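In: Give me a model of this one.
(2 chains)
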Protein chains: 2
Amino acid sequence: MALTKKPVTGMRDILPEEMEIRDYVIGVIKETYRSFGFHSIETPCVENIENLTSKQGGDNEKLIFKILKRGEKLNLETAKEENDLVDGGLRYDLTVPLVRYFSNNENTLPAPFKALQVGNVWRADRPQKGRYRQFMQCDIDILGEATNLAEIELILATSTTLGKLGFEDFRININDRRILKAMASYSGFPEESYDSVFITLDKMDKIGVAGVEAELLENGFTKESVDKYLALFKGIESAENGLDYMIDTLGSFLEESVSNSLKEIIESVQATKSAKFDLVFDPTLVRGMSYYTGTIFEIAMPQLGIACGGGGRYDKMVGKFTGKDVPACGFSIGFERIILLLMENGYQIPERKEKVAFLLEKGLSGEVLCKVIGEAQKLRSENKQVLIVHMNKNKKFQKEQLTAQGYGEIREFYKEALKQ
Amino acid sequence: MALTKKPVTGMRDILPEEMEIRDYVIGVIKETYRSFGFHSIETPCVENIENLTSKQGGDNEKLIFKILKRGEKLNLETAKEENDLVDGGLRYDLTVPLVRYFSNNENTLPAPFKALQVGNVWRADRPQKGRYRQFMQCDIDILGEATNLAEIELILATSTTLGKLGFEDFRININDRRILKAMASYSGFPEESYDSVFITLDKMDKIGVAGVEAELLENGFTKESVDKYLALFKGIESAENGLDYMIDTLGSFLEESVSNSLKEIIESVQATKSAKFDLVFDPTLVRGMSYYTGTIFEIAMPQLGIACGGGGRYDKMVGKFTGKDVPACGFSIGFERIILLLMENGYQIPERKEKVAFLLEKGLSGEVLCKVIGEAQKLRSENKQVLIVHMNKNKKFQKEQLTAQGYGEIREFYKEALKQ
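Out: Numbers count the residues shown, from 1 in each chain, chains lettered A, B, ... in the order given. The predicted structure is shown next:
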């Protein structure tokens, strides 16, 4: 039987040029996050199916690649539904596995625990341009830190990483679920409809204020509430004064500790950041996942219409595993989008090794071959990259190709010349 | 519903101490292999089920984690057997995916193509100590190189990597499928029984010569053939003279090109190697996979009873995808065993970053917090690792723990002291 050359639908082979950049970026990410005291960890790519379908994953739970039971546990005849056939699934994010990991290993981990994860996740999404069913995520999370030191360090670490990769003039938008709630409460929306209001608000960048207004009215909210709500956004004169305006307007609807903490995050990061970016309060920022309980943030790149990473505080998830809540906050870099941006801009990795190619005449062997390989070994020990290949018939073309691959020096070795 | 804290059966969470070593080892592996001109590549962890069950994977094909079809493609009512339910599976090795990758991308890849893969593979093996259902493999392969330059470079690259990780006095055993066949032919075994003879020979290190003799006789081979076969092994006086003895004894049963090539591999590697190890002809080396067509080799560590990596030539596998054979040779490092050995020996990563811990009094905030974080940012930009944490009630214990984690300097920051 002929075998299939193509990768499975929606997944892809990564070619050497891209892998070189990916390997380099992962190196920068790991090194930078380590300098902030994060610990690299790893969880299995396969998770228990119950953990993946526990309502922590939102819509991602509809996109799970499920794994068939094996051996005697698989019974086709008695299976009535899909879930009778499976016992595991590929993880769709790194957050649910992290929380399970923390619950499983809490006693041996430092407190607070600063985790760094770089790994693939899988979602059976409809395949589309630039969106694959296997993709890499890079997450940092701090578990056990209740103060805004967590947010400050997460934002500094992530922005420092992006700065080292040459990104500048980007923005990190920040908001707080509790501010979102205060705004909804201030406007008089009924509490049980907050989520519905946020879903509409989340579309602000796509449908604009008028669109949000229309959708809220269509969903049956009163004109009075909708007007009051939208006035909150319209009243902001500039990004800088946004938070102060919101605090003044919301008054007692917003707890002082929440607004003080958010102000402190923004001020501390602006004062100590090492990358060129702005941290900006954005009252329209919602972020989809229902597990967030406090601050939420998102990276906006000027070149991209979509977010390039994000995160927030999720203080209630560890309790789902252990019965005891642990404060938690995380930031995920949009790794695949970062790579796409770097590739599109013709990114060059700094400090490449010097590359030397050895071209051997066909049939060169024995002692002569030993000599040539010995010479290559010497250069490699001097931290150079040495490729040994046989000469092609079209040597000129071969040398052009090697030059294009970055081989700055090409040496030729012949059977006779060396024997002397 | 309470969630499951444990990882899925047979897989494991990797703790920070081990991850630090794993990340470092992967770095050394990638850097060393790159210095030999290998290109990092990646394939999806999920492969088409047909490719995984095409008889290239031997017994591993019985251990596949299979992935359930999704949406309309999944039909429980009409499904008669397991394979009606699945369309993909987790890869059980990196060789089958590499060959598919090469077939899919051949036109855009350099020739010969030197591939480096570091990635997880999955096998639903019976869980046992030190053996997990998800584990990492590190493979290098050269496709399109018919001469023994492939073997020489693969063995040099892998041994150099092991040397850089501090391993010495190990051995790489080498043999050739064609020598195994010549030995069987010389002894008069019928050609259709060669595989059965090799399966018995493969047990030599466990059951000894007497055990091999008994099993061959039990399997119905003639006493004459068995005696002649075993005399081949008994006749070897030392590892050094083994190959010459075998060549002399087998005479015309063994092609001269095969023995010359093997001699050249051993001589070239011994003359140019950078690590302390021996490359030794081992006529009892079989290696299980049926896809090998020429040389085979295996790493033997003095501390381990089992192989710590291996590989060989498989010139007939690309043809299964493309219809046209391409010479291919690969070497896989036993990554998990290497990590286990390093962990057991208390391996210390060289050149760690200087680690500094900042202990903050609870409640330290505002301008003071900015100052402290600014100081940390400065140290981080000087390539130091800085952890900022709040002081615990038991500060003495906390400092002891930080010291144990490698923080050589611990600074304390108080609300008042800083305000001056």
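In: SS state for residue A:236?
Out: coil (DSSP: H, G, I helix; E, B strand; the rest coil).
In: Low-confidence bits of chain A, can you list those?
Out: A:1-2, A:351, A:417-420 (pLDDT under 70).
In: Domain boundaries for it, per the record?
Out: A:1-146+A:315-351, A:355-419 (automatic domain parsing).
In: Check the offset of the longest one from the chain's centre.
Out: Looking back up the chat, that one is domain A:1-146+A:315-351. Computed by CA atoms, centre = their mean, to the nearest Å, the chain-centroid distance of domain A:1-146+A:315-351 equals 9 Å.
In: How about the shortest one?
Out: Centroid separation between domain A:355-419 and its chain, computed with CA atoms, centre = their mean, is 41 Å.
In: Is that domain positioned near chain B?
Out: Yes. Interface with chain B: domain A:355-419 contributes A:357, A:360, A:365-366, A:369-370, A:373-374, A:376-377, A:380-381, A:383-390, A:401, A:405 (CB under 8 Å from any CB of the partner chain). Every C-beta, even on glycine, is put in place using the N, C-alpha and C of the backbone.
In: Give me the contacts around stretch A:382-401.
Out: With CB atoms under 8 Å, 6 or more residues apart in numbering or on different chains as the test, stretch A:382-401 has contacts from A:353-362, A:372-373, A:376, A:379-380, A:402, A:407, A:410, A:412, B:34-37, B:110, B:112, B:114, B:145, B:147, B:149, B:153.
In: out of those, which are buried?
Out: A:355-361, A:372-373, A:376, A:379-380, A:402, A:407, A:410, B:34-37, B:110, B:112, B:114, B:145, B:147, B:149, B:153 (16 or more other CB atoms under 10 Å in any protein chain shown).
In: Which of these fall within strands?
Out: Assigned to strands by DSSP state E, the following of the buried ones among the contacts of stretch A:382-401 qualify: A:355, A:356, A:357, A:358, A:359, A:360, A:410, B:114.
In: for the domains of chain A, which one ends up most surrounded?
Out: Of all those, domain A:1-146+A:315-351 carries the top mean neighbour count, a mean of 19, counting by mean count of other CB atoms under 10 Å in any protein chain shown.
In: right, is stretch A:61-81 up against chain B?
Out: Yes. Residues of stretch A:61-81 contacting chain B under CB under 8 Å from any CB: A:65, A:66, A:67, A:68, A:70, A:74, A:76, A:79, A:80, A:81.
In: In these, find the pair that's most separated.
Out: A:65 and A:80 (21.3 Å; CB to CB).
In: Assign the residue lying closest to residue A:70 once chain neighbours are set aside to helix, strand or coil.
Out: Leaving aside its chain neighbours, residue A:70 sits nearest to residue B:124 (5.3 Å; criterion: CB to CB, 6 or more residues apart in numbering or on different chains). Under three-state DSSP, the three-state class of residue B:124 is coil.
In: for residue B:124, what are its contacts?
Out: Contact partners of residue B:124, counting by CB under 8 Å, 6+ apart, are A:70, B:10, B:63, B:64, B:65, B:133.
In: Isn't the fourth one up against residue B:92?
Out: Meaning residue B:64. Yes. Between residue B:64 and residue B:92 there is a contact under CB atoms under 8 Å: 6.1 Å.
In: shared neighbours of those two, anything?
Out: Residues touching both residue B:64 and residue B:92 (CB under 8 Å, 6+ apart) are B:52, B:122, B:123.
In: Grab the nearest non-local neighbour of residue A:284.
Out: Using CB to CB, 6+ apart, the nearest residue to residue A:284 is residue A:204, at 4.3 Å.
In: Would you list the phi and psi of that neighbour?
Out: When read as degrees, to the nearest 10, the backbone of residue A:204 gives phi -50, psi -50.
In: For it, give its distance to residue A:163.
Out: Separation of residue A:204 from residue A:163 (CB to CB, to the nearest Å): 28 Å.
In: Same question for residue A:58.
Out: 31 Å.
In: likewise residue A:172?
Out: 12 Å.
In: Which one of the two is surrounded by more residues?
Out: Neighbours per residue (other CB atoms under 10 Å in any protein chain shown) separate residue A:172 from residue A:163, with residue A:172 holding more: 26 against 17.
In: Which helix or strand lies directly C-terminal to the one helix or strand residue A:370 maps to?
Out: Using DSSP states H and E, residue A:370 sits in helix A:366-381. Using DSSP H and E, the next helix or strand after helix A:366-381 towards the C-terminus is strand A:385-390.
In: Render the CA-only coordinates of that following strand in CSV, please.
Out: C-alpha atoms of strand A:385-390 as CSV (Å, rounded to 0.1, in the frame of the first residue of the first chain):
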residue,chain,number,x,y,z
GLN,A,385,29.6,24.5,11.9
VAL,A,386,31.1,22.1,9.3
LEU,A,387,29.1,20.3,6.6
ILE,A,388,30.9,17.5,4.7
VAL,A,389,29.3,16.5,1.4
HIS,A,390,30.4,14.9,-1.8
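In: orientation of it relative to helix A:366-381 in degrees?
Out: Orientation of strand A:385-390 against helix A:366-381 (axes from the mean of the first three to the mean of the last three CA atoms, to 10 degrees) gives an angle of 160 degrees.
In: partners of strand A:385-390 in the sheet?
Out: strand A:355-360 (parallel) (DSSP bridges).
In: Show me what the strand it pairs with is in contact with.
Out: The contact list for strand A:355-360 (CB under 8 Å, 6+ apart) reads A:369, A:372, A:375-376, A:379, A:384-391, A:395, A:398-399, A:402, A:405-413, B:37, B:149.
In: where do the helices sit along the stretch 201-350 of chain A?
Out: Counting by DSSP state H, counting those that start in this stretch, the segments of the stretch 201-350 of chain A that form helices are A:204-218, A:223-234, A:242-250, A:256-272, A:318-322, A:335-344.
In: Which secondary structure elements does the longest one sit against?
Out: The helices and strands touching helix A:256-272, judged by 3 or more CB pairs under 8 Å, 6 or more residues apart in numbering or on different chains; DSSP states H and E, are helix A:149-164, strand A:170-176, helix A:177-186, helix A:242-250, strand A:277-281, strand A:295-300, helix B:366-381.
In: do the fourth one and chain B meet at all?
Out: The one in question is helix A:242-250. No. Helix A:242-250 lies out of reach of chain B by CB under 8 Å from any CB, never closer than 15.8 Å.
In: can you list contacts of that helix?
Out: The contact list for helix A:242-250 (CB under 8 Å, 6+ apart) reads A:179, A:182-183, A:186, A:232, A:235-237, A:254, A:259, A:262-263, A:266, A:280-283.
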